[in-house]
Each structure stands twice: as C-alpha cells, then as structure tokens.
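Sequence and predicted model, in that order:
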Amino acid sequence: MKRIETIAAWLFGLGFTGLGLAVAVETVLRKFFDHSLQGVDELGGYVLAVGAGLAFTVALIGRSHVRIDLVHERFPFAARVALNLVSVLSLMLCAWALLAMAWTSLGDTLAMQSTAQTPWATPLKYPQAVWIGALALFALVSTVFASRVLILLVTGRSGVIDRADGPKSSGEELAEEIADLEKRRSAS
C-alpha cells in the first residue's frame, strides 16, 4: 500500500507542479507579450479532478482523512473499533458512489460526443477516463481497507483495527514529524 501511496502522491505532485508552471507561463505571456495559451484554466480543471481522486487515495493510505481524533481517543475501545468500522465502510461506499457517478458522466459524454467549451475543444472522454482511473484507484484501495477491517473483526483481532485504522494520535503524528526531520538532517 505504501508503494501505491507514493506513486499516487508523485502523480498528484507532478500534475500540480505542471499546472503551476503552465499558469506561470500563461501569466508571463499575458503580461509581457499580450498573448494567451488559452486553455490553462481547462487544464486546471482536469488536474484538479484527477488530483482529488489521487489525494483521496493518499489520505486513506496515510490515515489522514479528517476525523475528530481528540474525541476518538476518549471513547472506550469497543466504541473506537465500531467507529473505525463505520468510517472505513462509509468511505468505501462514498468511493464507489463517486466512481458510479463518474462512470455515468462518461457514458453521457460518449453518447453525446461532448467536447469542452473552450478553445482547445478537448473531447471530454479523455480527461474523464483519467479521472475515472483515479477514482477507481480510490474505490479499490478503500475496498481493500474495508475488507481488511472486516477480516480483522471476524477473526477477533480488533486491537489491530484500533491501531491501524483509527485516526493518527497526536503522539503518532509527532513521532512521524521527528522521524522526517531526522531523515532530512541526515540527508543534508
């Protein structure tokens, strides 16, 4: 899973870095040469849509989806396990719902042969297919997580659920930051 997280994070980062460069070039061209690339905003929409799907996956694997960990830590063990189960199952259902809606959108696009209403007139089936790929990755990873939690619950290993699928505690986050700081120091 860490490898998927790393690849998705790199793709996300590269997409937004490329978009940032395109916006910078667009800005310079408009300011100094009275010329526009016409379509950087369209590209931004595509990068944002695909980036969101990738970010959902990265956040899930990194246990970074927002949950109220201050409250979570104060609940009894059984309640924390139940909340973690509800959390991972609802996230999986949400992922599959997003994928289904994106698939429906692609079907409509194909039926109508839709193109973007921009100077590029991009056939929307291409960016939507990439968007669906990012959402499919999120749906697949969320299904793996939900399946793992259900297996742990059925096999009586609910302690693992609390440690591996609950929100990160402040202590865990602090330990990660310290480890990252040490790694950067040793690299310099």
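Cool, got the structure.

where does the chain dip in pLDDT?
Along the chain, the parts satisfying pLDDT under 70 run over 65-70.

And the strands in it?
Shown for the chain, no strands are assigned by DSSP state E.

mind checking the longest helix of it?
helix 77-112 (DSSP state H).

other SSEs contacting that one?
helix 40-61, helix 125-154, helix 158-165 (3 or more Cβ pairs under 8 Å, 6 or more residues apart in numbering; DSSP states H and E). Backbone N, C-alpha and C define where each C-beta goes, glycine included.

Make JSON lines out of the ones you listed and add mean neighbour count and distance to I4.
Formatted as JSON lines, the helices and strands packed on helix 77-112 follow (neighbours: other Cβ atoms under 10 Å; distance: least, Cβ to Cβ, whole Å):
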{"stretch": "helix 40-61", "mean neighbour count": "19", "distance to I4": "7"}
{"stretch": "helix 125-154", "mean neighbour count": "18", "distance to I4": "7"}
{"stretch": "helix 158-165", "mean neighbour count": "16", "distance to I4": "16"}
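
quick one: which of those is nearest A100?
helix 125-154 (9.1 Å; Cβ to Cβ).

on contacts alone, who are the packing partners of that closest one?
helix 2-33, helix 40-61, helix 77-112, helix 158-165.

okay, those helices in JSON lines with distance to V149 next?
JSON lines is the format used below for the helices and strands packed on helix 125-154 (distance: least, Cβ to Cβ, whole Å):
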{"stretch": "helix 2-33", "distance to V149": "18"}
{"stretch": "helix 40-61", "distance to V149": "12"}
{"stretch": "helix 77-112", "distance to V149": "5"}
{"stretch": "helix 158-165", "distance to V149": "6"}
